[in-house]
Each structure stands twice: as structure tokens, then as C-alpha cells.
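Q: A structural model of the following input is requested.
(one chain, ligands or ions: 1)
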Amino acid sequence: MTNVIKTVNLTKKFKDTMAVDNISLEIEKGDIYGIVGPNGAGKSTLLKLITGVSTPSSGEIELFESKDLEKGRKRMSAILENPTLFKDMTALDNLEYFRIQRNVPERSKIFEALETVGLDPSSKKNVGKYSVGMKQRLAIALALITNPEIMILDEPISGIDPKGIYEIRNLIKKLALENGVTFIISSHLLSELSNTVTKFLVIDNGKKIKEMTIKQLYDETSNHIILETSDNSKAMALIEEKFKYGVSASENNSVKVLNAGDDISRIIAFLVENKIDVLNANKTHQNLEDYYMNLVGR
Ligand SMILES: Nc1ncnc2c1ncn2[C@@H]1O[C@H](COP(=O)(O)OP(=O)(O)OP(=O)(O)O)[C@@H](O)[C@H]1O
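A: You can find the predicted model right below:
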């Protein structure tokens, strides 16, 4: 696979603050790459370094496997803060303004972009009357008119209602899958990104805490077992002794066996051999926010 973005020991220091501290990452074509971290973790600064809004104190960036960043950044579009949209103009007129400003010759691009994000080009409604979600879709349309291969969106779904989030999510996935656009999107919440990204990086105090694919996340968080048995106390004692897994009493008169998902059949068979009836046995997910809080600790 082709690396479209690579950073090596990327660092940005502001006086006493290490906003980005030695971050190395590799993002492949078509990835939807999430950057997650609490307030002040360094997410925006990292995005600004990649887009060239800010210059690194040290470290390196490669775009499309090249150090020619000026050329690479022409193939990238970013929405770092709420873009300035003209509130008393329609979506179409806003896009027309930006098309001319950005020297995009084909007028058809603005219709294509509106269609992609699901906004009606013939709408007479001024943008000032748009919901937050519609404004975000328009911002994405605006970023699309230059046909970017990389899109960088700083907190694209904050402040949007669930329906709006659903639409933005599907839009990002569609663009990644059908058009091969590579995304970097940031968020405070792992749960907000987990339905969208293919891979993510958790940062805090500018440092890389954990990088994993979404599959690894689900493997790590879905590996517990919830059991209902005819004798929970005895079941807990036997499982702990035989398998050395952590066990605890769980809600609804059940038993939770930690990180034991791969042994579910052996555990059931063992309990039955020991004359304990297993009434119910399921693998379960750890709450993603709990998992995330364990990683960042705040
Ligand atoms: N221009 C600047 N001058 C001085 N310090 C800065 C500057 N920009 C960011 N910082 C500091 O760098 C750290 C990282 O900030 P950054 O905005 O990148 O975090 P963030 O993860 O995007 O936070 P948030 O989610 O609150 O937007 C913070 O401690 C911030 O105060």
C-alpha cells in the first residue's frame, strides 16, 4: 500500500509546552485515520503541522512518499476551523465564490460537490439558516471542489445532532471507499470516531499513547464473557482457579470473566463437567469510553 502521509519524530514546542512530541505515523491511501485526545492533547497542532499552517520545531513530514510538501499539499484540503461561509448567500453562491478564488476552471465541480454532500444546488435558502450539520456538509463540499486526495477535518462532528453525525459519517466513508480519499479526522471522543475510522491514534500531552486499527480496538474490547449459571459463586471460584482469569459479579445476577472470550467453549464445558448449569453465555464489549479513559487517564 502507498503511504500518503508519513511523519517521523514530528515535534512542535511552544515555549514550555511540547504541543506535539515526537509523533511518528504512517497513513495509507483510503485510510480514515482518527486522532483522539482530550483538550490540549495536541490534535490541532498536529493537523496544522501536516497542512503547513504551522512549522515543526523538529522532525519530518512526507506526503505521497515525497519530501516536496508544497506539491503534496496541493493534493490536500483541510477544514481546521469553521470555515468562513457567507451567511447571506446560498450554498451554490458560496461555492461559486470559492471556486473562483481557488482557480478551479470547471463550474460543474460545485454542482458535483453539492450532490456528493447531499445539498440541493437549487435551494434558495441562505447559509445563515443552515443547521450545524448542513454547514459542515457545505464546508466539506467546499473542500471537495479542488478534488483533494487527502482531506483533513478538525473535529468534523462536534456540535452536530445524531442525524447530522450519521450523514457526515456516511459521507466520509463513501468518499474514502468510492473515491479513495484519505482522511484524517480528530475528536475528543473515541466513541465518536469508532464508527467511522479505519485506524486511530490516541495522543495526550503531545505524545503518542496508542495507535491501533479499529479491528484491534474491537478485539481488545470485546473479549469478555458474561455468564449466567445455576451457581454463580461456585462458577467464579472454579473459573478463577482453573483458568486464572479475572472474574467479577456482574449486573442481572451474572458473572463477568475478563479477557476470556477465546476460551468461551472450554469454560462452558468445564462448568458443565462440574455440575453447574450454564443458562446463558455471551461475549461482551467493554464500553469504549472506559477503554479510552484507561488510556489517557483524564
Ligand atoms: N500558538 C500557540 N502558542 C502557544 N501554545 C499553543 C499554541 N497552540 C497550541 N498551544 C498549546 O499546545 C497544546 C496543544 O494544543 P492543541 O490546540 O493542539 O490541542 P488540541 O488537542 O487540539 O485541543 P482542543 O481539543 O482543546 O482543541 C496546548 O497546551 C495549547 O495550549
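Q: residues in contact with A91?
A: A91 is in contact with L114, L119, D120, P121, S123, K125, V127, Y130, L138, A141, counting by C-beta atoms under 8 Å, 6 or more residues apart in numbering. C-beta here means a position set from N, CA and C on the backbone, and glycine is covered the same way.
Q: mind running it again at 10 Å?
A: 85, 110, 113-114, 117, 119-121, 123, 125-127, 130, 134-135, 137-138, 141-142 (C-beta atoms under 10 Å, 6 or more residues apart in numbering).
Q: same question, I50
A: I50 makes contact with 5, 7, 10, 23, 25, 27, 35, 56, 61, 63, 69, 72-73, 76, 78, 150, 152, 184, according to C-beta under 10 Å, 6+ apart.
Q: how about the helices in the stretch 51-200 of the chain?
A: Secondary structure of the stretch 51-200 of the chain by DSSP state H, counting those that start in this stretch: the helices cover 69-73, 91-101, 108-117, 132-144, 162-179, 190-194.
Q: most tightly surrounded among these?
A: Burial of these is given as mean neighbour count (mean count of other C-beta atoms under 10 Å); helix 132-144 ranks first at a mean of 22.
Q: Any regions of the stretch 101-250 of the chain where pLDDT drops low?
A: For the stretch 101-250 of the chain, no stretch has pLDDT under 70.
Q: For the ligand, what's its nearest residue on it.
A: For the stretch 101-250 of the chain, the residue closest to the ligand is H188, as judged by C-beta to the nearest ligand atom, at 5.8 Å.
Q: That residue reaches G34, doesn't it?
A: No - the criterion here is C-beta atoms under 10 Å, and H188 misses it with G34 at 11.2 Å.
Q: More neighbours: the two, which one.
A: It is G34, of H188 and G34, that has more neighbours when counted by other C-beta atoms under 10 Å, with 23 against 15.
Q: For the more buried one, which residues are in contact?
A: Counting by C-beta under 10 Å, 6+ apart, G34 has contacts 43, 183-187, 190, 192-194, 196-202, 214.
Q: could you pick out which of the contacts of A91 are near the ligand?
A: By C-beta under 6 Å from any ligand atom, no member of the contacts of A91 lies near the ligand.
Q: hmm, back to that, among the contacts of I50, name the ones in strands.
A: Among the contacts of I50, the members found in strands (DSSP state E) are 5, 7, 10, 23, 25, 27, 35, 61, 63, 76, 78, 150, 152, 184.
Q: give me the number of residues near the fifth one?
A: Other residues near L25 come to 20 when the count uses other C-beta under 10 Å.
Q: just the fourth one next, same as before
A: In terms of burial, I23 registers 25 neighbours under the definition other C-beta under 10 Å.
Q: so it makes contact with N205?
A: No - using C-beta under 10 Å, I23 makes no contact with N205, being 11.6 Å away.
Q: Now list whatever residues contact both of the two.
A: In contact with both I23 and N205: G42, using C-beta under 10 Å, 6+ apart.
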